[in-house]
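Asks: For reference, the sequence and a predicted model appear below.
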Amino acid sequence: MMTNKSFDDKRIAQGYAKDRPWLHKLVMERLKSDCAVDTPFHNGLDVGCGAGLSTKALKLICDKVTGTDISDEMIQACKAEYDTSEFTFYTAKAEETLLPEIPYDIVTAAGVINWVDKDKFLENMKLVMANKSLLVVYDFWISDKMVDNAAYTEWYQKRYLPNFPKPPRNEKIWRQEDLPEGFTIKQQVLYQLHHQFDMDSFIRFMMIQSNVNAQIQSRHKTEAEIQDWMKETLEPIFHGEIQTLIFDAYSWYIERA
């Protein structure tokens, strides 16, 4: 079974920085609409920041931001990419975020909760978040759909998943009764996001997916073997053209009170 430490790999960190689409920006725009946010937050934390794309998105709606991740490689990628006068990054588990000088009025956690201990994480958030602050738990992932491309659906279901099964992870949806006192779920929304890829950029993106990473780390397949297989099987899907991939997404807005 993979853990959040499975992403502590230089190849994954570099891939996250260069090859992940910046859909986090669209999630922040959705947050502003869903929560009627019209003024910036002041001090924000991005838990499980990865290579910093989610932290950069949080900065769009927050004056001061800090990003943390369990992976040293991810934090090094962040520090190499972002101006440290505008962003603060440090290595830490999601359950062990350090106490800030000023409590956070917003915390984002993108693609994190599948890998953490929920109870320990929320106990830590109680310590670092201000009263009436907002915890935004969100994620987005590739679906088996491209716009007007049924061949991709068949490829995903009949070729990709059998070769690259989804690693076990905790995918339980949080309910109010599951949360400790002091947290209130204000809203949970499901939606879709779109992003355009050519075949090469899609393959680079797929090479950093947890399904693929699990096969590489277990040495069942090599990077070169996977890339060759993808080029061969995806050529009839792309036909040298740009295709629009559909991502499934969710956002949970939780108040710390």
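Replies: Looks like it came in fine. Numbers count the residues shown, from 1 in each chain.
Asks: Give me the contact list for stretch 165-182.
Replies: 1-2, 113-115, 118-119, 122-123, 126, 137, 184-185, 188, 210-211, 214, 252, 254, 256-257 (CB atoms under 8 Å, 6 or more residues apart in numbering). No exception for glycine: its C-beta is placed from N, CA and C like everyone else's.
Asks: From those, list just the buried residues.
Replies: 2, 113-115, 118, 122, 137, 185, 210-211, 214, 252, 254, 256 (16 or more other CB atoms under 10 Å).
Asks: just curious, which of the residues you listed is nearest to residue 162?
Replies: residue 211 (10.9 Å; CB to CB).
Asks: got a pLDDT number for the closest one?
Replies: Looking at residue 211, its pLDDT stands at 90.
Asks: And it, its phi and psi?
Replies: The phi and psi values for residue 211, taken as degrees, to the nearest 10, are phi -60, psi -50.
Asks: ok, now how distant is it from residue 33?
Replies: Going from residue 211 to residue 33 by CB to CB, to the nearest Å gives 32 Å.
Asks: try residue 196
Replies: Relative to residue 33, and taking CB to CB, residue 196 is found at 23 Å.
Asks: which of the two has more neighbours?
Replies: The neighbour comparison of residue 196 against residue 33 (other CB atoms under 10 Å) goes to residue 196, with 13 against 9.
Asks: just to revisit the earlier point, and the buried ones among the contacts of stretch 165-182, which is the shakiest by pLDDT?
Replies: residue 2 (37).
Asks: What is the neighbour count of residue 224?
Replies: Neighbourhood size, residue 224 [other CB under 10 Å]: 8.
Asks: contacting residues for the closest residue to residue 146 other than its chain neighbours?
Replies: Leaving aside its sequence neighbours, residue 146 sits nearest to residue 152 (CB to CB, 6 or more residues apart in numbering; 4.2 Å). Residues in contact with residue 152 (CB under 8 Å, 6+ apart) are 144-146, 237, 243, 245.
Asks: ok, which pair from these is furthest apart?
Replies: 144 and 243 (13.3 Å).
Asks: Which residue of these two possesses the greater neighbour count?
Replies: More crowded of residue 144 and residue 243, by other CB under 10 Å: residue 243, with 20 against 15.
Asks: So, low pLDDT: which residues of the stretch 51-200 of the chain?
Replies: Scanning the stretch 51-200 of the chain for pLDDT under 70 picks out no residues.
Asks: ok, now with 80
Replies: 168-169 (pLDDT under 80).
Asks: quick one: strands adjacent to the helix or strand containing residue 145?
Replies: Assigned by DSSP states H and E, residue 145 falls within strand 129-146. Each strand paired with strand 129-146, and its direction, by DSSP bridges: strand 104-110 (parallel), strand 243-256 (antiparallel).
Asks: Now do the buried residues in the helix or strand just after that strand.
Replies: Downstream of strand 129-146, the first helix or strand assigned by DSSP H and E is helix 150-155. Buried residues in helix 150-155, defined by neighbour count with 16+ other CB under 10 Å: 152, 155.
Asks: what residues are up against residue 226?
Replies: Applying CB under 8 Å, 6+ apart to residue 226 gives the contacts 207, 212, 215-216.
Asks: closest to residue 100 among the contacts of residue 152?
Replies: Out of the contacts of residue 152, the member with the shortest distance to residue 100 (by CB to CB) is residue 245, at 36.9 Å.
Asks: you'd agree that closest one is up against residue 195?
Replies: Yes - Residue 245 lies in contact with residue 195 (CB atoms under 8 Å); the separation is 5.6 Å.
Asks: Contacts only, for residue 21.
Replies: If you count contacts by CB under 8 Å, 6+ apart, then residue 21 has 195, 205 around it.
Asks: for the one 3 residues further on, same thing?
Replies: For residue 24, the set of contacting residues under the criterion of CB under 8 Å, 6+ apart consists of 53-54, 56-57, 110.
Asks: Can you report how many residues lie near the residue lying closest to residue 23 once chain neighbours are set aside?
Replies: Among residues not flanking residue 23 along the chain, residue 193 sits closest, at 5.0 Å (CB to CB, 6+ apart). Using other CB under 10 Å, residue 193 is surrounded by 18 other residues.
Asks: Brilliant, that's me finished.
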